[in-house]
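A.B. asks: generate coordinates for the sequence data below:
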Amino acid sequence: MALDRQRIVDEAVALLDAEGLDGLTTRKLAARLGVQSPTLYWHLPNKAALVTALAEAILDQEFPELTPPGPEEPWQDWLSELAGRLRRALLAHPDGARVLSAAQLCRKMAAISELAMSTLVARGVPLRQARVIVLTVERFTFGHVLEEQAPRPDADADAMKDFDMAAFTEQHPTLVSGIAEYFQSDRTVDDLFHDCLAVVIEGAAAKAGTVS
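C.D. replies: Model (predicted):
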């Protein structure tokens, strides 16, 4: 099979899924493709270009098309759904948020931002506020997924052996109670994401003075 950019990116996504971003090296990628590393540089000149191509591929899977909200759909609901889809795209691959954060210029991400900002402006949100709202929603989403995808210490690891949960609870009673109360009614991390996102968007809408 001829080696082309699409084949390289497809194999890079598979390598990302298998080993995460830290395991994605040009040496390993070349080995999977059965070529020497310099051969890859004809199509992607360096790892930065490879990471950006990966970011494009990750977003293209969730956003093959970009469409504005319907005329009767509140922009708040549409923006919330857009952020939810962005989160799904990032979670679909190990280190997805790290990949997008490291991308130098992801054209698909730029297109998503352009659509979101232009939608808000068309609904009466001033340009500067539209940019801040969209940027805040995007960065919240990236930050939330970065935390979701961060490696957790093994319960048996040395770092956890000296952890005293009773003492921690005594020192931070409201924090621990709040976490327990939130998740006691079968709420999930998905609910947490959307509840936090609602605070961001509803507050932004109130400040912008728009309701739809």
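A.B. asks: can you report phi and psi for the closest residue to residue 204 other than its chain neighbours?
C.D. replies: Of all residues beyond its chain neighbours, the one nearest residue 204 is residue 133 (4.4 Å), with distances taken as C-beta to C-beta, 6 or more residues apart in numbering. Every C-beta, even on glycine, is put in place using the N, C-alpha and C of the backbone. Backbone geometry at residue 133, expressed as degrees, to the nearest 10, gives phi -60, psi -50.
A.B. asks: doesn't residue 120 make contact with residue 133?
C.D. replies: Yes: under the criterion of C-beta atoms under 8 Å, residue 133 makes contact with residue 120 at 6.3 Å.
A.B. asks: give me the common contacts of these two.
C.D. replies: Both residue 133 and residue 120 are contacted by 79, 208, under the criterion C-beta atoms under 8 Å, 6 or more residues apart in numbering.
A.B. asks: buried sites along stretch 57-68?
C.D. replies: By neighbour count on 16 or more other C-beta atoms under 10 Å, the buried set for stretch 57-68 is 57-59, 62-63.
A.B. asks: try stretch 10-18
C.D. replies: Neighbour count says stretch 10-18 has 11-13, 15-16 buried, by 16+ other C-beta under 10 Å.
A.B. asks: tell me the pLDDT of residue 158.
C.D. replies: Reported pLDDT at residue 158 in the predicted model: 64.
A.B. asks: err, residue 5, not the other one
C.D. replies: Model confidence at residue 5, given as pLDDT, is 89.
A.B. asks: what separation do you get for it and residue 43?
C.D. replies: Residue 5 sits 4 Å away from residue 43, going by C-beta to C-beta, to the nearest Å.
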